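Student: For reference, the sequence and a predicted model appear below.
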Amino acid sequence: MSRIRRAEEKDIPGILELLIQVDMVHHRGRPDLFKGPATKYSAEELVLLLKDDRTPVFVCADEDGKVLGHAFCRQEQIVDDPVRTDVRTLYIDDICVDEASRGRGVGRALYRHVTGYAREQGFYNVTLNVWSCNPGAVAFYENLGLKPQKIGMEEILQTERRHDAKDRDLQ
């Protein structure tokens, strides 16, 4: 039986393992942009992040306390913008399910928990970004009912950097 709750300091080692898994998915898809294996937060940064109510982090943990998945969130608010309306958004900065626990409903449960939290807290919407090099995640979010809000586009101008990154991967 697993349970979703706010992350605690004791969860940091498991969260760090998942952050490496997230980075490696992105690194495999875009080695020109993601170093791999790496984490976007250190253990020290996570201690501070977990204490900040503006950046709630949720984990799904099994009965032994093993972290099966996490959802990093960040409160965002537009105020007095000349074009956009004043809304409070809960942005999902990162969501990951341990590779060994995928296909068991952990990701869906985490997402539902986050949207429930957002409703309770009076947020207008929940948003997230997903890299197009991760088609499994795109399909997962579409299956949950998410719709594109905006699309980021790029043109790579320095092709040698992409080739260098791929060459490093082969060594």
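Tutor: Everything's here; your move. Just so it is clear, the structure is predicted and the values come from calculations on it, not from any experiment.
Student: residues of stretch 69-87 that come out buried?
Tutor: By neighbour count on 16 or more other Cβ atoms under 10 Å, the buried set for stretch 69-87 is 69-75. Just so you know, the C-beta spots here come from the backbone N, C-alpha and C atoms, and that holds for glycine as well.
Student: Quick one: mean pLDDT over it.
Tutor: Per-residue pLDDT values over stretch 69-87 give a mean of 95.
Student: now do stretch 15-27
Tutor: 97.
Student: what residues does that stretch touch?
Tutor: 7, 33-41, 43, 46, 57, 59, 67, 69-70, 94, 96-99, 131, 133-134, 137 (Cβ atoms under 8 Å, 6 or more residues apart in numbering).
Student: With stretch 129-143 instead?
Tutor: 25-26, 28-30, 107, 128, 152.
Student: same check, this time on stretch 119-126
Tutor: With contact meaning Cβ under 8 Å, 6+ apart, stretch 119-126 is reached by 75, 87-92, 114-115, 118.
Student: how long is it end to end?
Tutor: In stretch 119-126, first residue to last residue: 9 Å (Cα to Cα, to the nearest Å).
Student: Number the residues from 3 up from this point.
Tutor: All right, first residue 3 from here; so that's stretch 121-128.
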